[in-house]
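In: Quick check, what structure comes out for this input:
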Amino acid sequence: MQQQYRLTKKEDFNKVYRFGKSAANMQYVIYYKPNNQVDQFRVGVSASKKMGGAVVRNRLRRVIKEIIRHHADEIVTKHDLIVIVRKPAVDLDYHAAEASLLHALKRANMLKKK
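Out: Numbers count the residues shown, from 1 in each chain. So this is what the prediction gives:
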């Protein structure tokens, strides 16, 4: 994922957690907050140690970032997003993870209307 699409600073994460809204499904929780200071959306991914070791958590993060990269043109701009991975997501293959993440984004109204 390109640098301009990343949410990296702890204070930005805290703002989204504190003032943003959330939507969830069984595998993912999406926190989102409007941010008019950026032209596109920014995404942060959080995977707890409950998911497994570093290899498992990093694989989950890479898969999520790749899904978001492929669907970047469908995601609403001028928002900060945080994707929190839940335990059931560990067992998903790429296509199931993609469908589940898009479902969570749709529940959060973060996908553009067609």
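In: Return the residues in contact with the closest residue to residue 20 other than its chain neighbours.
Out: Excluding the flanking residues, the one nearest residue 20 by C-beta to C-beta, 6 or more residues apart in numbering is residue 33, at 3.4 Å. To be clear about C-beta, it is placed using only N, CA and C from the backbone, and glycine gets the same treatment. Residues near residue 33 by C-beta atoms under 8 Å, 6 or more residues apart in numbering: 15, 16, 19, 20, 21, 79, 80.
In: Closest one to residue 47 out of the residues you listed, please.
Out: Minimum distance to residue 47 across the contacts of residue 33 is 16.3 Å, recorded for residue 16 (C-beta to C-beta).
In: Alpha carbons of the host helix or strand of the closest one, as PDB, please.
Out: Here residue 16, judged by DSSP states H and E, is contained in helix 10-19. The C-alpha coordinates for helix 10-19 follow below in PDB (Å, rounded to 0.1, in the frame of the first residue of the first chain):
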ATOM      1  CA  LYS A  10      -0.700   6.800  17.200                       C
ATOM      2  CA  GLU A  11      -2.500  10.100  17.700                       C
ATOM      3  CA  ASP A  12      -4.400   9.500  14.400                       C
ATOM      4  CA  PHE A  13      -5.400   6.000  15.500                       C
ATOM      5  CA  ASN A  14      -6.600   7.500  18.800                       C
ATOM      6  CA  LYS A  15      -8.700  10.200  17.100                       C
ATOM      7  CA  VAL A  16     -10.400   7.500  14.900                       C
ATOM      8  CA  TYR A  17     -11.000   5.300  17.900                       C
ATOM      9  CA  ARG A  18     -12.300   8.100  20.100                       C
ATOM     10  CA  PHE A  19     -14.400  10.200  17.700                       C
END
